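1. here is a sequence with its predicted model. Questions after.
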Amino acid sequence: MPKTILRRIILHLDMDAFYAAVEQLDHPAYRGRPVVVGADPKGGTGRGVVATCSYEARKFGIHSAMPISQAYRRCPGAVYVFPRFPRYREISQQVMKILQEYSPQLLQISIDEAFIEITQTANSHGGAKALAEKLKARVKNETGLTASVGVAPNMFVAKVASDLQKPDGLTICEAGQEKIFLAPLPIKKLWGVGPKTEAQLQKLGFTTIGHVAQSSQKMLAEKLGKWGAHLWELANGIDERPVEDWGPRKSISQEHTYDQDVADVKIIEGTIWKITENLSADMRRLDLKGRVLTLKVRLEGFETFTRQRKLPEYLHDAETMRAMALELFRKFDRKGKKVRLIGVGMSHLNNTDSEQLSLFQSDDGQQRRDRVADLLETIRDKYGEEAATRASLLETE
């Protein structure tokens, strides 16, 4: 008897307006009102952007990544709140635990969305649709929040499906219908197509996913390289990627947007001190070390520049990161322009558990820096963020 090959069944779950929904859950007075999670709008003069917003706020044209000042102009009567990431992570962990009960094959791609493969488990729940309905009901009953779900033969189509009937939606694409399902949708629904790629595809005469699917894969590869060939596959509903961990985190960063553009070098360098301290703490909590440091500078007028430096070893200590970041900043020619945003990131990451000292490397200095960092972290946890900081050269000049 030939072995029966099961068609894959992939489920994608996406929490609805997650951060804003958590705020409405925890604050009954916010329910039914436009809620914007992000930076302080400061009466329309604030800096920063919208992290997310409730569906009530979206009716005013507010959306993620919109400048907070623009959001305020569109809806000054909205509730504006700062993100509470510990609370969001708490509920996210609840949701992921529920998902794991329906399949061991889980891939979390952000704090509020994940894939599970239910090929082997759907029948025990009465089929894919019944499983999806049970899953949605459990999420709502146990967290008080709604989620939208897409079910399809692969990850790409499942993700597209979950977005089509928000909020609290359930959309299913049956096996063999992927190309028909995708055809009428706008090209921006293709995974990874942002404004620039969308404009390139429109110049080629494409407005729907179906147009891309009907084109030549060879032509797309010639115009857009390997990415073009990949887009053709997605447009035709082809996505063989397994539901498994895509690999370790590749970068980590922190940045700060000033309320007003800044020219004072001491203020900027003080911010770099603070950022590298916080970045080091984050990396230590995540057991990460990095080899490449990147300084990000956004000037007045939104011109953005990056400068990089490869470090002599994998590390996460604030002293070295700060020294490198300050050196890069001091060499950067701003041409007299003020700074709007400053950021520091680390890439080429390596989990600290997998590291070994080289044969002739002494780690006495690193151990000392780690002990100092541990002490500072303990003090901050107990007495607050501003309770302890390293002595700043800026204060002794």
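-> The structure has been received and is ready for your questions.
2. what's the domain layout of the chain?
-> Taking automatic domain parsing as the reference, the chain has its domains at 10-16+86-178, 18-83, 181-235, 251-355+362-396.
3. now do the second one: distance from first to last residue.
-> Think domain 18-83. One end of domain 18-83 sits 11 Å from the other (CA to CA, to the nearest Å).
4. for that domain, give the mean pLDDT please.
-> The average pLDDT within domain 18-83 is 95.
5. contacts only, for E198.
-> 187-188 (CB atoms under 8 Å, 6 or more residues apart in numbering). (C-beta placed from N, C-alpha, C; glycine too.)
6. what helix or strand is it on?
-> Assigned by DSSP states H and E, E198 falls within helix 195-203.
7. next structured bit after that helix?
-> Counting by DSSP H and E, what follows helix 195-203 is helix 209-214.
8. pull out the buried residues from that next one.
-> Within helix 209-214, the residues that count as buried by 16 or more other CB atoms under 10 Å are 209-213.
9. report the central residue of this structure.
-> By CA atoms, centre = their mean, the chain has its centre lying nearest to S110, at 6.0 Å.
10. so what's it scoring on pLDDT?
-> Confidence score, pLDDT, at S110: 89.
11. list the buried residues of whichever strand or helix holds K296.
-> Here K296 sits within strand 288-299, counting by DSSP H and E. Residues 288-290, 293-299 are the ones in strand 288-299 that count as buried (16+ other CB under 10 Å).
12. and if you look at stretch 225-236?
-> 228, 230-232, 234-236.
13. neighbours of the residue nearest to Q202 when sequence neighbours are not counted, how many?
-> Closest residue to Q202 apart from its sequence neighbours, by CB to CB, 6 or more residues apart in numbering: I187 at 7.4 Å. Look at I187: counted by other CB atoms under 10 Å, it has 21 neighbours.
14. from V212, how far out is I187?
-> For I187, the distance to V212 (CB to CB, to the nearest Å) stands at 6 Å.
15. follow-up on the earlier one: farthest pair within the buried residues of strand 288-299?
-> Farthest apart among the buried residues of strand 288-299 by CB to CB are K289 and L299. That separation is 30.6 Å.
16. on that earlier part again, how far does the helix holding E198 sit from its chain's centre?
-> Taking CA atoms, centre = their mean, to the nearest Å, the mean C-alpha location of helix 195-203 is offset from the chain mean by 23 Å.
17. so which helix or strand takes in A158?
-> Assigned by DSSP H and E, A158 falls within helix 155-162.
18. then W191?
-> Using DSSP H and E, no helix or strand contains W191.
19. got the contact list for it?
-> Contacts of W191 (CB under 8 Å, 6+ apart): 156, 159-160, 234.
20. repeat that for P34.
-> Contact analysis of P34 by CB under 8 Å, 6+ apart lists 53-54, 56-57, 59-60, 62, 75, 77-79.
21. tell me how far it lies from A78.
-> 4 Å.
22. what residues are shared contacts of these two?
-> The contact sets of P34 and A78 overlap at 53, 57, 60, 62 (CB under 8 Å, 6+ apart).
23. from memory the last one sits against C75, does it?
-> The one in question is I62. Yes: if you go by CB atoms under 8 Å, I62 and C75 touch, sitting 6.3 Å apart.
24. more neighbours: which of those two?
-> More crowded of I62 and C75, by other CB under 10 Å: I62, with 25 against 20.
25. so that one, which state does it fall into?
-> Secondary structure assignment for I62 (DSSP: H, G, I helix; E, B strand; the rest coil): coil.
26. any idea how far it is from H256?
-> Separation of I62 from H256 (CB to CB) stands at 23 Å.
27. flag the shaky bits of the stretch 251-397 of the chain, pLDDT-wise.
-> 351-397 (pLDDT under 70).
28. and with 50 instead?
-> 352-368, 371-397 (pLDDT under 50).
29. quickly list what's touching both of I187 and V212.
-> Taking CB under 8 Å, 6+ apart as the contact rule, I187 and V212 both touch 201, 206.
30. number of nearby residues for A318?
-> 26.
31. can you give me phi and psi for I187?
-> Backbone geometry at I187, expressed as degrees, to the nearest 10, gives phi -60, psi -20.
32. can you pull the contacts of it?
-> I187 makes contacts with 193, 198, 201-202, 206-209, 211-212, as judged by CB under 8 Å, 6+ apart.
33. save these as JSON lines, and put in distance to L311 and pLDDT too.
-> Listed next are those as JSON lines, based on distance: CB to CB, whole Å; pLDDT from 0 to 100:
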{"residue": "V193", "distance to L311": "35", "pLDDT": "87"}
{"residue": "E198", "distance to L311": "37", "pLDDT": "90"}
{"residue": "L201", "distance to L311": "39", "pLDDT": "92"}
{"residue": "Q202", "distance to L311": "42", "pLDDT": "93"}
{"residue": "F206", "distance to L311": "43", "pLDDT": "94"}
{"residue": "T207", "distance to L311": "46", "pLDDT": "95"}
{"residue": "T208", "distance to L311": "47", "pLDDT": "96"}
{"residue": "I209", "distance to L311": "43", "pLDDT": "97"}
{"residue": "H211", "distance to L311": "46", "pLDDT": "96"}
{"residue": "V212", "distance to L311": "42", "pLDDT": "95"}
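34. now tabulate these in JSON lines and tack on distance to K274.
-> Compiled in JSON lines, the contacts of I187 are given as follows (distance: CB to CB, whole Å):
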{"residue": "V193", "distance to K274": "36"}
{"residue": "E198", "distance to K274": "37"}
{"residue": "L201", "distance to K274": "42"}
{"residue": "Q202", "distance to K274": "43"}
{"residue": "F206", "distance to K274": "46"}
{"residue": "T207", "distance to K274": "46"}
{"residue": "T208", "distance to K274": "47"}
{"residue": "I209", "distance to K274": "45"}
{"residue": "H211", "distance to K274": "49"}
{"residue": "V212", "distance to K274": "46"}
